[in-house]
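**Q** Sequence first, then the predicted structure:
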Amino acid sequence: MKKNLSAVAFLMAASINIFAQTSAKDSLRVVNLQEVQIVSTRATSKTPVAYSNISKKEIRKQNFGLDLPFLLTTTPSVLTTSDAGSGVGYTSIRVRGTDATRINITANGIPMNDAESHSIFWVNTPDLASSLEDMQIQRGAGTSTNGAGAFGASINLRTAGIPSKAYAEVSGSYGSFNTHKETVSVGSGLIGNHWAFDARVSNIQSDGYRDRATSDLKSYFLQGGYYGENTTLKFITFGGKEKTYHAWDGISRKQLETDRTYNPNGAIKDDNLNKGNTIGFYDDQTDNYNQTNYQLIFNHLFSSEWNLNIALHYTDGFGYYQEYKNGRTLEEYGLKPFYLPGNTEAQTKTNLVRQKLVDSGFGGGVFSVDYKNEKLNASLGGGLNRYSNDHYGKVIWVKNYTEALNPDHEYYRNNGSKTDGNIYVKANYQIAGGLHAYADLQYRYINYKITGDNDKWDWTAEPGHLQRLNVNEHFSFFNPKAGLFWQFNPYHSAYASFAVAQKEPTRNNYTDGLFEKLPRPEKMLDYELGYTFRNSWFTAGVNLYYMDYTDQLVLNGKVNDIGEAMAENVKDSYRMGVELSLGARITDWLRWDINGTWSKNRIKNYTGYVSDYDDNWDELYTQTAIYAGDTPISFSPSFMGNSLIGFNYKGFDASLQSQYVSRQYLDNFGLKENSLDPSFVSHLSLAYSFKLPSVKQITVGATIYNLFNTKYETNGYSQNAAVYEGGDKNQKAVLSYDPRFYPMAGTNVLAHIAIRF
């Protein structure tokens, strides 16, 4: 791969000399045209919502190999997780305690969340950050956007504009856990004053902090565009190919002290009942996925006041998990019992290797018509998208199996399909002086269907069978938003807003549900009140929020068979807090930014459910209800704070980033034994940039992550159980708590270099 990247870099760099030069006027025209693309879903300085912008410069300062969520950790109320413990591979993000399935992600206004799971899997588009112009994260309901509703935040990605001048860049990094990243980028500049092209290829690999938690990630980004006087037409395609070893099972509290890097995934037992000793690990316990995204974006300026954006998109995905499973019942997989030579007793359980495959397509279009004059900014927009995903499973190997095994033996198949449409109108009007009124009305319609057999065996049925899926849900949501923004004078401003957000359940909420009844959609009333002071050297901001939920789907501390967090509806809950931000440019070369979030996150009158077992730890496939009263919401710390000290002097750049996070509970019972301990972690970055006669810029540096070698964890699950002697539920249950944790790496380093021509 490294040789291929080097060859590509040479060819790209060599090609630059043939591109035509462009005038300053043409360059300015291209910049202006790109600035107006896909802006209707973004907040501006006069929008009454809480948001943070992350510029291309800020992205470049920390984009050395870690996944995109880790580039957002300095913004208020943001927490990240990493299964592998190193920030590479499967990672996720939470905002104000809300998990990733309730955070809307768009790229150029186009939905990025998976339409069924509502998650985004960053491993499927690795190093997308290298092809971004900027990012905006809106906390709370935010502005109306396309795709699954925002219940904690929206993250709006804008891909890089095409530079008006030709360039080439080669960058690389290497460090702990054999983590390395190679990236080659090239741009044509304007050709014939109208055409331009831009491309990137990347390779990221890591052994991970945890045992065998390897990642092998490939990605590309390619765009080409036509730029007329008032019209642009841009085609963008980006995608990735990933292979990661499973690290989705956590470890016990004792193992955190004795064997922090232990990874139980892929364990091979020495018997057929999954109760024996571990004798080794399966080499190909991996997740494999290919994803390709296509976007065709049209923009036209009718006048200085009117412009039109239309974007068509399609995402193609295919992949599978491959797993070694111990002590599986053959009936679950549609396989016959078998007899070992010389044995008259039928074998009904054994070890096997299975694949769980998905084959998906997601396509549609989004649009906005925007109007702007001195007093009014208004947009009419929306989108219509269609999604289909085939889920199916195969058994490719069975230990000691004496019956015939079809190499393509399928044991389950189902299809999920979704139609998602929305339309919105929003306006920001200057009433008088610095007072602006904001209104935003959105209607959203969803039809979601799941049909077929799931991969879960229903042991409560007689006779037993695979879980049968027959979901056909229709949702209609009206989401109004309104607010006021007041600029007192050039230094002081304030805002207040109210928003309604509603959201449909995810696929897992249907397939992992505890009961036969269907999950309910969520509704949130979001109240925000903020104030900002800003002058040439100091900024200060405070935001108060109250998010009042009906039927919020909260994480309940359980995980499904592939380590995904499970959720359940709670009737009445809320999140309230204060976000404080301060920033000071102390000198021309020294800046200090801090932010903190104090919050209270509660479920009212909570009743939780734990799985039932007998005293031999055989599952009874029933639940025990436990009333807990008013309890803290899982994964929602009462305080989190960030500090970023930045130093920049004559090409030398240094920063010290620190984050403190208070206790987080793994479920909704508020028990200390089922919690993540508070943590304080710091990262130190050092870099130096200089020029050479034939090179525009060279930057070399290193980042030391977890500078003080803190032992900490960012994620886990609780594994609560009610144990009944003899399986008799008339007996008093003994409650068992056996939490699992995902440890993060100690002190580790990534060195990096970037050369721009």
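**A** Yes, it's here. Numbers count the residues shown, from 1 in each chain.
**Q** For residue 431, which residues are in contact?
**A** Contact analysis of residue 431 by Cβ atoms under 8 Å, 6 or more residues apart in numbering lists residue 437. All C-beta atoms are positioned from the backbone trio N, CA, C, and that covers glycine.
**Q** what's the next secondary structure element after the helix or strand it falls within?
**A** Element membership for residue 431, per DSSP states H and E: strand 409-432. Going down the chain from strand 409-432, the next helix or strand is strand 435-458, by DSSP H and E.
**Q** in the sheet, who's paired with residue 292?
**A** residue 239, residue 316 (DSSP bridges).
**Q** tell me the secondary structure for the residue lying farthest from the centre of the chain?
**A** The outermost residue of the chain, judged against the average C-alpha position, is residue 342 (53.2 Å), by Cα atoms, centre = their mean. Secondary structure for residue 342, judged by DSSP: H, G, I helix; E, B strand; the rest coil, is coil.
**Q** returning to what we had before: neighbouring strands of the strand holding residue 431 in the sheet, and parallel or not?
**A** Strand 409-432 has its sheet partners listed here by DSSP bridges as strand 376-398 (antiparallel), strand 435-458 (antiparallel).
**Q** Just the mean pLDDT for it, thanks.
**A** Mean pLDDT, computed over strand 409-432, is 97.
**Q** Quick one: distance of that strand to the chain centre.
**A** What separates the centre of strand 409-432 from the centre of its chain is 17 Å, taken as Cα atoms, centre = their mean, to the nearest Å.
**Q** ranges for the helices of the stretch 1-150 of the chain?
**A** Here the stretch 1-150 of the chain has its helices, by DSSP state H, counting those that start in this stretch, at 2-15, 24-35, 56-60.
**Q** Touching, residue 111 and residue 384? I think so.
**A** No - assessed by Cβ atoms under 8 Å, residue 111 is found out of contact with residue 384, at 11.2 Å.
**Q** Neighbour count: the two, which is higher?
**A** residue 111 (24 against 16; other Cβ atoms under 10 Å).
**Q** Enumerate every residue touching the nearest residue to that one once chain neighbours are set aside.
**A** Spatial nearest neighbour of residue 111, chain neighbours left out: residue 147 (2.9 Å); criterion: Cβ to Cβ, 6 or more residues apart in numbering. When contacts are counted by Cβ under 8 Å, 6+ apart, residue 147 touches 104, 105, 106, 111, 112, 113, 115, 383, 385, 420.
**Q** which residues are contacting stretch 259-267?
**A** Stretch 259-267 is contacted from outside by 85, 209-213, 245-249, 251, 255, 278, 280-283, 285, 323-324, 326, 711, 743, using Cβ under 8 Å, 6+ apart.
**Q** Give me the buried subset of those.
**A** Taking 16 or more other Cβ atoms under 10 Å as the criterion, what is buried in the contacts of stretch 259-267 is 85, 209-213, 245-249, 251, 255, 281-282, 285, 323-324, 326, 743.
**Q** Check the gap between the residue farthest from the centre of the chain and residue 402 for me.
**A** Per Cβ to Cβ, to the nearest Å, residue 342 is found 12 Å from residue 402.
**Q** Show me what counts as buried in the strand holding residue 431.
**A** Of all the residues in strand 409-432, those buried under the rule 16+ other Cβ under 10 Å are 409, 411-414, 416-428, 430.
**Q** now stretch 550-568
**A** Those would be 550-559, 563-568, for stretch 550-568 by 16+ other Cβ under 10 Å.
**Q** swap in stretch 443-460?
**A** The neighbour-count check on stretch 443-460 (16+ other Cβ under 10 Å) flags 443, 444, 446, 448, 449, 450, 452, 453, 454, 455, 457 as buried.
**Q** Redo the residues you listed as a markdown table? Include pLDDT and distance to residue 489.
**A** Converted to a markdown table, the buried residues of stretch 443-460 look like this (pLDDT from 0 to 100; distance: Cβ to Cβ, whole Å):
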| residue | pLDDT | distance to residue 489 |
| --- | --- | --- |
| 443 | 97 | 38 |
| 444 | 97 | 39 |
| 446 | 97 | 45 |
| 448 | 98 | 50 |
| 449 | 98 | 55 |
| 450 | 97 | 56 |
| 452 | 97 | 62 |
| 453 | 95 | 65 |
| 454 | 94 | 60 |
| 455 | 92 | 62 |
| 457 | 89 | 67 |
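**Q** Of those residues, just say which sits nearest to residue 525.
**A** Relative to residue 525, the closest of the buried residues of stretch 443-460 is residue 444; by Cβ to Cβ it sits at 16.6 Å.
**Q** how close does the closest one sit to residue 366?
**A** As judged by Cβ to Cβ, residue 444 and residue 366 stand 13 Å apart.
**Q** Repeat that for residue 211.
**A** Plainly put, residue 211 is 43 Å away from residue 366 if you go by Cβ to Cβ.
**Q** got it, and residue 524?
**A** Relative to residue 366, residue 524 is positioned 23 Å away (Cβ to Cβ).
**Q** And for residue 89?
**A** For residue 89, the distance to residue 366 (Cβ to Cβ) stands at 30 Å.
**Q** And for residue 294?
**A** Counting by Cβ to Cβ - residue 294 and residue 366 are separated by 14 Å.
**Q** Between these two, which has more neighbouring residues?
**A** Set residue 294 next to residue 366 and count neighbours by other Cβ under 10 Å: residue 366 wins out with 28 against 16.
**Q** May I have the beta-bridge partners of the more buried one?
**A** Going by DSSP bridges, residue 366 is paired in beta bridges with residue 311, residue 383.
**Q** List the contacts of it.
**A** Residue 366 is in contact with 109, 110, 146, 309, 310, 311, 313, 381, 382, 383, counting by Cβ under 8 Å, 6+ apart.
**Q** Redo these as CSV? Include pLDDT, neighbour count and distance to residue 625.
**A** Below are these laid out as CSV (pLDDT from 0 to 100; neighbours: other Cβ atoms under 10 Å; distance: Cβ to Cβ, whole Å):
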residue, pLDDT, neighbour count, distance to residue 625
109, 93, 27, 44
110, 95, 29, 43
146, 88, 31, 39
309, 95, 23, 51
310, 96, 15, 52
311, 96, 24, 48
313, 98, 24, 45
381, 95, 23, 45
382, 95, 19, 43
383, 96, 25, 41
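**Q** tell me which residues in stretch 42-52 are buried?
**A** Buried residues in stretch 42-52, counted by 16+ other Cβ under 10 Å: 42, 43, 46, 47, 48, 49, 50, 51, 52.
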